[in-house]
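[1] this is the structure alone, sequence omitted:
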C-alpha cells in the first residue's frame, strides 16, 4: 500500500467520546420505554400491576441518579473552569498581556500629546 500522507479510507479520526454514564442513561431510557409500552396494554392481573409498580420505582431511582449525575457534572465543570482560570492568572501569558495592555495605554497617551501638538501647529 502506498502512503501519501493521508489516512487510509474508512478510518475515522477526531471522534468525540461519549461518557459511559450517558451511554448507560440512553440504554436504560430505552428499556423503560419498552417496558412501559409492553405493560401499557396489560391490566387487571395482579402480577402485571406488581411489575408496573416495580418499573415505576426503578424509573424514579433512574431519574434521581440522572439528576445527581447532572448536578455533580455541573459542579465538576465549574471547578474545572476555576482551575483553568487560576492557572491562566499564574501564567506568563497573563504577564505578557498586561505588558501589552500597558503599552497600548502608553501609546494612547503619546498619541493624545501628538494630537495636541498637531492641533496647535495646524491652527
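    Right, received. Where do you want to start? All values reported here derive from a predicted model rather than from experimental measurement.
[2] residues in contact with residue 80?
    Contacts here follow CB atoms under 8 Å, 6 or more residues apart in numbering; on that basis residue 80 touches nothing. (Glycine included, C-beta is placed from N, CA and C.)
[3] repeat for residue 88
    Per CB under 8 Å, 6+ apart, neighbours of residue 88: residue 94.
[4] roughly how far apart are it and residue 51?
    54 Å (CB to CB, to the nearest Å).
[5] likewise residue 29?
    From residue 29 to residue 51 the distance is 18 Å (CB to CB).
[6] next up, phi/psi of residue 91, please.
    Backbone torsions of residue 91, given as degrees, to the nearest 10, read phi -80, psi 160.
[7] select the longest helix from this structure.
    helix 46-90 (DSSP state H).
[8] could you point out which element follows that helix?
    helix 92-122 (DSSP states H and E).
[9] I'd like the average pLDDT over that following helix.
    Averaged over helix 92-122, pLDDT sits at 88.
[10] packing partners of it?
    Helices and strands touching helix 92-122, as assessed by 3 or more CB pairs under 8 Å, 6 or more residues apart in numbering; DSSP states H and E, are absent.
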